[in-house]
Every structure is written in C-alpha cells, then in structure tokens.
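Enquirer: no sequence on this one, just coordinates:
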Ligand SMILES: NC(=O)C1=CN([C@@H]2O[C@H](COP(=O)(O)OP(=O)(O)OC[C@H]3O[C@@H](n4cnc5c(N)ncnc54)[C@H](OP(=O)(O)O)[C@@H]3O)[C@@H](O)[C@H]2O)C=CC1
Ligand SMILES: O=C(O)CCC(=O)C(=O)O
Ligand SMILES: [Mg+2]
C-alpha cells in the first residue's frame, strides 16, 4: 500500500459517520513534521500531547503516531520535487484525522502551496481558527481579554484555487484579449474599462455551495456556544466585489433564514422587530425609515421595497421572534472586511464567530492572533465532512528554524483542538491548564518574553513544552 512509510502495527482507524469522527481508544494519527521551525515545534507538541493523554487516561487511551512526509523532508526521502508524495495522501485519506507543522511556499514562481493543496485534495472546506486570550499573555493591545473570536474561513476556493496566469504568458494574453475585445464590451455595466495588456491575471471564484457549507458549519458551531456568544458575522468586501464577496454575504443570509429559521435572526430583522417592540403602533413606513438611513432621499420604488421588507419580516417572524424572543436566537450580521480589522481592536467583545472567504480569513486570522499574544498562540483546524487536518495559523518562520526558540503554543493548541475533535476533552483541558499556568508564571518563549514587563529570560521551545507538562497537575 505504501512505498516508503509503514503504518504503526498497533492502533485503529478513525472512521466518519454523518460528518462526525468515530474514534477508537488507540487511533492511528498521521503527522507531518513541517519545514523551518516545524523541526522545533512538532517534537515539543508531540511530547505535550502524549503526556496529556497519558495523564488523563492512564494508558486506556493512546495515540499511535504515523510519521508521513511533506515539504523538504519529503524530498529527502522520496527524491527531488516530491514535495507531497502519494504515500502521504493515501495515509491521510486512510486515517481521516492528521496534524501537521508548517510547510514552505515560495513567492512568485515554484511550487504552489502544499498547505492549500492538502485542504483542496481532502475538501477541508472550513478553516477554524479560534483567537482567545490566556491570562498573563503579554499583548500589544490594552484589553486583549475582550477578544474571543473564532474565525471560520472558507478554505477551498477564492483566489486560493490558484487559477492564474503570469504576465506575458500565451494563455494570459489570450484571456486578456478575449476579455477586452469581447466579454467586457458585451457587459454594459463595465463601460469602456479595459485590462492593461501587461497584467497578470487571477480568477476569484466564490460559489454558492462553498459559501453556504462554510456558513452552515459556522452557525452550527454558534448554536453550541453560550447564549451571549451566539453570533455569526459574515465578513466581506461586497461593496467592491459585488458578485463574489457581496454574493457570499447574500448566500450566507439566505442560508441562515432558510435552514436555521427558527434558530436565527438577522441584524436587520432584529431592528425591525425591536422598532415594533418599542412602539407597537409604528407604521410600516416609519419602521422602514428607522432601519434605512437616508430613506427619504431614496426613489419611491426603493422605498416601497424596504417597506415590503419590513412587512414580510413582521408577517413571517413576529410570532416566533417578536416580543424579545429574537434575543435568544443566533444573531447573523455582516461587516465589510476593512472595517472588521478595526472592529476587532476597538470593539472586540461585540464579535464571536467571523465567517469569511479564504483571503480575508487568512489576513484576519494573523491580525486577531496578534491581539491575543502573537502567531505563537494561533491554533487552527482544517475540517471537512470526512477528514480533518490540524495546523497552526503561522508559517515556517525560517529565520528561527532549528534554534529551539519559537513558541510551540500554536501547534500545541492545534493539538488541543484535535483532542476536542476526538472527544478527548480531559486531555485537552490538561493542556489548556498547563499552558495557561506556565504563561501566568511567566515561563514563556522569546516572543512573549520580549513583551513582558519587566522582561524575563525566555525559555527554549522544548523547555516551554516541559513547563506546560509540569503545570498539568
Ligand atoms: N499553514 C502553513 O504551513 C503556512 C505556511 N506559511 C509559509 O511559511 C513561510 C514563512 O512565512 P512568513 O511570512 O515568514 O510567516 P510566518 O508565520 O512563518 O512567520 C512570520 C513571523 O511570525 C512570528 N512567528 C511565526 N511562528 C512563530 C512561533 N511559532 N512562535 C513565535 N513567533 C512566531 C515570527 O515573528 P518574529 O520574527 O517577529 O518574532 C516570524 O518571523 C512561507 O513560505 C509561507 O508561505 C505561512 C503561513 C501558513
Ligand atoms: O500555504 C501557505 O504557504 C500560506 C497559507 C497561509 O498563510 C494560511 O493558510 O494561513
Ligand atoms: Mg496565513
């Protein structure tokens, strides 16, 4: 079955039923060490995960690790350019749940991202990145504890599909020519616009299916959160990219009110309902005036449309959602992408789950991680219906590679997400306690040590792992 790897002789496969993992007590879990600092952070993470499972279950449960290769290490074992060998893909497909360190992607030319390839090959459509503060973590922000968000990033499409053509390439030039001569002139709204002849060209597909399955997962997650965190914010730049990012927003709302009608309320619906609650005699037109700034300056057609919207909402959900009942529902709202970057800093506690397209989620997850202590504290999971691959938000940080220096917290916390996904909450809780207590005792790696006041001597990557284990008890 495999060319150059051998599966552990003990352990059993995780299987999937209705999109959920069915987990034996001794699951075989493939891992990829990763490039760059993967050499430092993976062994540290593995040690902490094993210690937590042993402490929590005293041998009743154990992970059988299965080493598989990707990136530079794969080329050493399989030969030049063998960055993502078939063995690795077969093992991940076979065992369903895997964890990985970061993998390098060259800028400009060279191979396309192995990280993105894994997400696409296994249809891991939801990239879940929680950003939560551990008390005592130094932060450039004044009130980092107010940020407690989970980014749900669509993980398979958008410009990450990687359909693009280099400037000057034959197909790129042909495409520009067809667009300039045929397709743009045939689209009146594009007027006389033309694409510069010396442009590189990339395609940004955003599908209804891709958007809705992501939002569906985000809403299901919100339903499991405490009432005050039951909120999903659709993040988009739909004012500029109307048919991709704007459509993501519209499809998100459409899904919320069709599949989750009794459990959700949209922000706009909540305004309409609360306007009527404050004044039961409010006319439909005055209600419309309150929800739409500049209502009186709108054309009569537009005004009629908004009045109709108000009527439809009151007719359809006043019974189920009115008189304050909407306050117990999952609130679905939307924010423009640039604005959300300032909102998570200025009003962090107003947000909970942020549902995003691929590129926006990539940017936003680094920015949010920075608020709660930096990339060393940013875990993540790539989840599909029949496979899950856990990995940190950050990359290979090449300048720190091999120095036993960087913070393994992000991979360790990705491992915590994996344990929670397996249903091994006791082991996950031990690690969260150990990590929290190590930080509270100022036992931290360089990235956090440099922000602490007064400064402390940093621990090595491996020493931080040991400190976490010491603080289990
Ligand atoms: N999923 C993946 O595997 C990902 C891979 N990549 C790839 O990684 C490579 C390097 O990308 P780059 O842009 O440098 O981004 P990185 O995320 O690798 O590193 C950027 C900076 O973040 C800080 N940082 C990263 N990891 C840690 C850590 N564990 N502990 C403490 N600080 C950390 C360091 O800051 P400082 O030096 O200031 O302390 C580092 O220089 C690229 O090839 C990129 O494509 C990028 C993102 C994700
Ligand atoms: O694949 C890469 O090299 C970068 C991906 C990335 O930045 C991310 O997924 O957050
Ligand atoms: Mg990124």
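Expert: Perfect, I can see it now. These numbers were taken from a predicted model, which means no experiment stands behind them. Ligands and ions are numbered 1, 2, ... in the order given.
Enquirer: quick check: which helices or strands does the helix or strand encompassing residue 289 pack against?
Expert: In the assignment (DSSP states H and E), residue 289 maps to helix 284-291. Helix 284-291 sits against helix 267-278, helix 300-321, with contacts defined as 3 or more CB pairs under 8 Å, 6 or more residues apart in numbering; DSSP states H and E. C-beta: built from backbone N, CA, C; applies to glycine.
Enquirer: closest one to residue 160 among those helices?
Expert: helix 267-278 (28.6 Å; CB to CB).
Enquirer: quick check: buried residues in the closest one?
Expert: Buried residues in helix 267-278, counted by 16 or more other CB atoms under 10 Å: 268, 269, 270, 271, 272, 273, 274, 275, 276.
Enquirer: mind listing what's buried in stretch 204-224?
Expert: 204, 206-207, 210-219, 221-222.
Enquirer: list just the nearest of those residues to ligand 2.
Expert: Taking CB to the nearest ligand atom as the measure, ligand 2 lies nearest residue 214 of the buried residues of stretch 204-224, at 14.8 Å.
Enquirer: tell me the secondary structure at the closest one.
Expert: In three-state terms, and counting by DSSP: H, G, I helix; E, B strand; the rest coil, residue 214 is helix.
Enquirer: let me know the average pLDDT across stretch 3-18.
Expert: Predicted confidence along stretch 3-18 averages 96 (mean pLDDT).
Enquirer: tell me if stretch 383-391 is near ligand 2.
Expert: No. Applying CB under 6 Å from any ligand atom, one finds stretch 383-391 separated from ligand 2 by no less than 8.0 Å.
Enquirer: revised request: answer the last question for stretch 35-42.
Expert: No. Using CB under 6 Å from any ligand atom, we find that stretch 35-42 stays clear of ligand 2, coming within 9.9 Å at best.
Enquirer: residues contacting that stretch, please?
Expert: 31-34, 71-73, 101-104, 392, 395-398, 400-408, 410-411, 461-462 (CB atoms under 8 Å, 6 or more residues apart in numbering).
Enquirer: just checking, residue 252 touches residue 334?
Expert: Yes. Counting by CB atoms under 8 Å, residue 334 is a contact partner of residue 252 at 7.2 Å.
Enquirer: between the two, who's got more neighbours?
Expert: Shown here are residue 252 and residue 334; by other CB atoms under 10 Å, residue 252 has more neighbours (26 against 21).
Enquirer: look up how far residue 260 lies from the more buried one.
Expert: As for residue 252, its distance to residue 260 is 11 Å (criterion: CB to CB, to the nearest Å).
Enquirer: over to residue 125?
Expert: Where residue 260 is concerned, residue 125 sits at a distance of 18 Å (CB to CB).
Enquirer: with residue 120 instead?
Expert: In terms of CB to CB, residue 120 sits 27 Å off from residue 260.
Enquirer: please apply the same query to residue 246.
Expert: Note on residue 246: its distance to residue 260, by CB to CB, is 21 Å.
Enquirer: one more: residue 236?
Expert: Applying CB to CB, the value for residue 236 to residue 260 is 19 Å.
Enquirer: please identify the buried residues of stretch 83-99?
Expert: For stretch 83-99, by 16+ other CB under 10 Å, it's 83-85, 87-92, 95-99.
Enquirer: can you count the residues close to residue 58?
Expert: What residue 58 shows, counting by other CB under 10 Å, is a neighbour count of 8.
Enquirer: my bad, residue 34
Expert: Neighbours of residue 34 under the rule other CB under 10 Å: 29.
Enquirer: cool, and residue 394?
Expert: The burial count for residue 394: 24, using other CB under 10 Å.
Enquirer: got it, and residue 290?
Expert: Neighbour tally, residue 290, other CB under 10 Å: 17.
Enquirer: I'd say it and residue 275 touch.
Expert: Yes. In this structure residue 290 lies within contact range of residue 275 using CB under 8 Å: 5.1 Å.
Enquirer: between those two, which contacts overlap?
Expert: Joint contacts of residue 290 and residue 275 (CB under 8 Å, 6+ apart) are residue 282.
Enquirer: in the protein, what residue sits furthest out from the centroid?
Expert: In the chain, counting by CA atoms, centre = their mean, residue 281 sits farthest out from the average C-alpha position, at 44.1 Å.
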